[in-house]
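In: Here is a sequence with its predicted model. Questions after.
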Amino acid sequence: MTDLTLAPRQAPERRARLRRYLMTPPEHFAVSYAINPWMDPAVPVDVGRALAEWRILRDTYRRLGHRVDELPAPAGLPDAVYAANGALVTPRVTVGARFAYPQRAAEAEVYADWLDRAGLGPVARPTEINEGEGDLLLAGSVILAGTGFRTTRAAHAEVARLTGLEVITLELVDPRFYHLDTALAVLDDDAIAYLPSAFSPASRAELERRYPDAVIAAEADAAVLGLNLVSDGRNVIMAAAAVGLARDLELRGYVPVPVAMPELLKGGGGIKCCTLEIRRDTDPEGMVP
Ligand code: ARG
């Protein structure tokens, strides 16, 4: 008999599900105001570099078989490249955004308009402040919802009402991790990774209770926005600098796909920020396999 206790633990084989994403090129990217600690208007940004980084990300998704739609860059809205904030698109409901800062307010209508035209409406226009998938992360049948800096608790209740889904409020406490998608990543319907110190004690306890097997990220990996990642269930497109997190994900059977976005990081955003997932497909063939 083989001694099973000596057998190496096998990581499960992960399966990718093809996705559909919406991205907005950083043609008008700039850091002309500061609404998070990463932004410093005194540091110059290079739009050419930002565009090159963004194209690599877009092409990475396409190479993996995913569909990427592009929203034409709106002039005068330098943060519109962070498409995740533009809405929340669940399989049944599209909820528009309402931004916390006036500098980004006009983005809400730009995204809602595009989604309406793409046949992904009707777009519910919220009355409370929510910054889309920046703070509202769909994990299986629940929405993990951040608050503390941008999206409000009142918005969590509104999103629960509009989507009919359970919304779990998580309080963010570290200004560097001002959106939930900078502190927590959804790897699969029931798997997440997060940085515990970014959450209030009560929210940490809630995460421990709900996700006892979660990947716990190190501060150093979160500080390069390593948690601001996009997972298709198998491939994890993530910041190249988050090497510790990449190793932990590999041990669990995921396939890290490193992408570097130093220029776009100057706006306080990473890979997930630039990516809005559209959990629906209006193609006649139906949902991509
Ligand atoms: N400069 C943008 C802001 O502060 C960055 C948004 C990043 N997006 C995100 N999903 N975390 O609003």
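Out: Looks like it came in fine.

In: low-scoring stretches of the stretch 1-150 of the chain, by residue?
Out: Along the stretch 1-150 of the chain, segments meeting pLDDT under 70 span 1-9.

In: Name the nearest residue to the residue of it found nearest the ligand, sequence neighbours excluded.
Out: Residue nearest to the ligand within the stretch 1-150 of the chain (CB to the nearest ligand atom): residue 134, separated by 3.2 Å. Using the backbone N, CA and C atoms, a C-beta is placed for each residue, glycine as well. Once flanking residues are discounted, residue 134 sits nearest to residue 179: 3.9 Å by CB to CB, 6 or more residues apart in numbering.

In: and this structure, which residues reach the ligand?
Out: 35-36, 39, 79, 82, 84-85, 104, 134, 179, 181-182, 267-269, 273 (CB under 6 Å from any ligand atom).

In: Measure how buried the residue of the stretch 1-150 of the chain closest to the ligand is and give me the count.
Out: Look at residue 134: counted by other CB atoms under 10 Å, it has 29 neighbours.

In: pretty sure it contacts residue 84?
Out: Yes - here residue 134 reaches residue 84: they are 5.2 Å apart, a contact under CB atoms under 8 Å.

In: Just the buried ones from the residues of the chain next to the ligand?
Out: Buried subset of the residues of the chain next to the ligand (neighbour count, 16 or more other CB atoms under 10 Å): 35-36, 39, 79, 82, 84-85, 104, 134, 179, 181-182, 267-269, 273.

In: looking at this, residue 53 is in a helix?
Out: Yes - counting by DSSP: H, G, I helix; E, B strand; the rest coil, one finds residue 53 located in a helix.

In: Which strands and helices lie in contact with the helix or strand hosting residue 250?
Out: Counting by DSSP states H and E, the element that carries residue 250 is helix 243-251. Under the contact definition 3 or more CB pairs under 8 Å, 6 or more residues apart in numbering; DSSP states H and E, helix 243-251 sits against strand 191-194, strand 215-216, helix 219-222, strand 235-239, strand 255-259.

In: Relative to residue 108, which of those is closest?
Out: Proximity of the helices and strands packed on helix 243-251 to residue 108 was assessed by CB to CB; the nearest stretch is strand 235-239, lying at 26.0 Å.

In: So which residues of the stretch 151-289 of the chain form helices?
Out: Along the stretch 151-289 of the chain, counting by DSSP state H, counting those that start in this stretch, helices occupy 153-163, 180-183, 201-210, 219-222, 243-251, 262-265.

In: list the buried ones in the last one?
Out: Translated: helix 262-265. 263-265.

In: Identify the residues contacting that helix?
Out: 26, 29, 38, 45-46, 49-50, 53-54, 81, 224-225, 270, 273-274 (CB atoms under 8 Å, 6 or more residues apart in numbering).

In: Ok, the first one next?
Out: With CB under 8 Å, 6+ apart as the contact definition, helix 153-163 has outside contacts at 88, 90, 92-93, 95, 98, 124, 126-130, 136, 143, 145, 147, 165-167, 169.

In: rerun that using 6 Å as the cut-off
Out: Contacts to helix 153-163, defined as CB atoms under 6 Å, 6 or more residues apart in numbering, come from residues 90, 93, 95, 124, 126, 128-130, 145, 147, 167, 169.

In: Tabulate the residues you listed (JSON lines), appending secondary structure.
Out: Output for these, formatted as JSON lines (three-state DSSP):
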{"residue": "90", "secondary structure": "coil"}
{"residue": "93", "secondary structure": "coil"}
{"residue": "95", "secondary structure": "strand"}
{"residue": "124", "secondary structure": "strand"}
{"residue": "126", "secondary structure": "coil"}
{"residue": "128", "secondary structure": "coil"}
{"residue": "129", "secondary structure": "coil"}
{"residue": "130", "secondary structure": "strand"}
{"residue": "145", "secondary structure": "strand"}
{"residue": "147", "secondary structure": "strand"}
{"residue": "167", "secondary structure": "strand"}
{"residue": "169", "secondary structure": "strand"}
